[in-house]
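>>> need the 3D shape of this:
(3 chains)
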Amino acid sequence: MNIKQRHPWVLTAEEATAIQQELRQEVVTEDQLGAVQFVAGMDVGFEAEGSITRAAIAVLRFPDLQFHEQAIARRPTTFPYIPGYLSFREVPTVLDALEQLQTIPDLLLCDGQGIAHPRRLGIACHLGLLTDLPAIGVGKSRLVGRHEDVPEQRGSWVPLIHQKETIGAVLRTRPGTKPLYISPGHKISLLTAIEYVMSCTTKYRLPETTRFAHKLASAKPAQSNGQLSIS
DNA sequence: GCGACAG
DNA sequence: ATCTTGTCGC
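Numbers count the residues shown, from 1 in each chain, chains lettered A, B, ... in the order given. A predicted model of the protein is given here:
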């Protein structure tokens, strides 16, 4: 997959802000995706007290959500966690993992926000722009915006508002659990994003893509059989 | 100036 | 995100 390396990753928060202001103008929040045959989920974890970033990608077939392919990448962590700048910490490693894929996904579900971001450039937008893939932001908690309570029924949602603008949706994917924060990342509208997140979610709160990627990003051994081994 | 604050 | 076993509740 072709990835655009358009700016440096070693920078200050000030420089990162400037890049976000520049890239936000290129984000597309209208449907510009074809038939979806493969959906990818992304997740990031850390090792060695945070000094190593580990990214995992899980590609599932759509709409049956059967596992298709996986990729894992590791690299030294170079940027701290600062709310509003998550992509500068995680994207480089996620791109490494994406480059390993044999199958280019038709849609990418990201851990974190899309345009539901103070400068409308969450990690889903950033990844979508650099890979040119349709992307959706699936946050487990809120970064910015306000909203009413979400009805308990699965599938119900309320708009997420920020500065008088609808930037996303707070979606109930499962009764009795905290709702998810959905927002367009790139090349997809909010309503379509909600539909895909629901289609990728079965009996759990999180989409199957995210759950699968999370397992990969958590498994320490790169190639473990779940058995004991001697060194 | 005082809180809030994706993962 | 990460440190971590059992335990409270539907």
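
>>> wait, what's in contact with the residue of chain A found nearest DNA strand C?
When scored by Cβ to the nearest atom of the strand, chain A has residue A:45 as its residue closest to DNA strand C, at 3.2 Å. C-betas here are computed from N, CA, C, even on glycine. Residue A:45 makes contact with A:53, A:54, A:56, A:217, A:218 under the criterion Cβ atoms under 8 Å, 6 or more residues apart in numbering.

>>> tell me the contacts of the fourth one?
This means residue A:217. With Cβ under 8 Å, 6+ apart, residue A:217 has these contacts: A:43, A:44, A:45, A:54, A:55, A:56, A:72.

>>> which ones among those come in contact with DNA strand B?
By Cβ under 7 Å from any atom of the strand, the members of the contacts of residue A:217 lying near DNA strand B are A:43, A:44.

>>> from the contacts of residue A:217, which land in strands?
Using DSSP state E, the subset of the contacts of residue A:217 located in strands is A:43, A:44, A:45, A:54, A:55, A:56, A:72.

>>> buried among those residues? Make that a PyMOL selection.
Those of the ones in strands among the contacts of residue A:217 that count as buried under 16 or more other Cβ atoms under 10 Å are selected in PyMOL with:
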select buried, chain A and resi 43+44+45+54+55+56+72
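
>>> any idea what the most centrally placed residue in chain A is bridged to?
Geometric centre of chain A, nearest residue: residue A:110, 0.9 Å, by Cα atoms, centre = their mean. Judged by DSSP bridges, the bridge partners of residue A:110 are residue A:137.

>>> OK, contacts around it?
The neighbours of residue A:110, taking Cβ under 8 Å, 6+ apart as the test, are A:42, A:123, A:124, A:127, A:135, A:136, A:137, A:138, A:185.

>>> go on, residue A:181?
Here residue A:181 is in contact with A:113, A:116, A:137-143, A:160, A:168-171 (Cβ under 8 Å, 6+ apart).

>>> ok, which of those residues also contact DNA strand C?
Restricting those to those near DNA strand C - Cβ under 7 Å from any atom of the strand - leaves residue A:140.

>>> can you flag the buried ones in the contacts of residue A:181?
Applying 16+ other Cβ under 10 Å to these, the neighbour count classes A:113, A:116, A:137, A:138, A:139, A:142, A:143, A:160, A:168, A:169, A:170, A:171 as buried.

>>> so which of the residues you listed sit within strands?
Counting by DSSP E, those place A:137, A:138, A:139, A:160, A:168, A:169, A:170, A:171 in strands.

>>> pLDDT value on the first one, please?
In the predicted model, residue A:137 carries a pLDDT score of 98.

>>> wait, isn't it in contact with residue A:120?
No. Using Cβ atoms under 8 Å, residue A:137 is not in contact with residue A:120, being 10.8 Å away.

>>> where does pLDDT dip in chain A?
Counting by pLDDT under 70, chain A shows low-confidence ranges at A:220-231.

>>> what parts of it come near DNA strand B?
Residues of chain A lying close to DNA strand B (Cβ under 7 Å from any atom of the strand) are A:43-44, A:81, A:83-87, A:111-113, A:117, A:122-123, A:137, A:139-143.

>>> report the beta-bridge partners for residue A:76.
Taking DSSP bridges as the rule, residue A:76 bridges to residue A:52.

>>> close to DNA strand C, is the top helix by length along chain A?
Looking across chain A with DSSP state H, the single longest helix is helix A:86-100. No. Helix A:86-100 is not in contact with DNA strand C by Cβ under 7 Å from any atom of the strand; minimum separation 9.1 Å.

>>> now the strands for chain A?
Using DSSP E, strands in chain A cover A:38-47, A:52-61, A:67-76, A:107-111, A:135-139, A:157-162, A:165-171, A:180-186.

>>> no further queries at this time; thank you.
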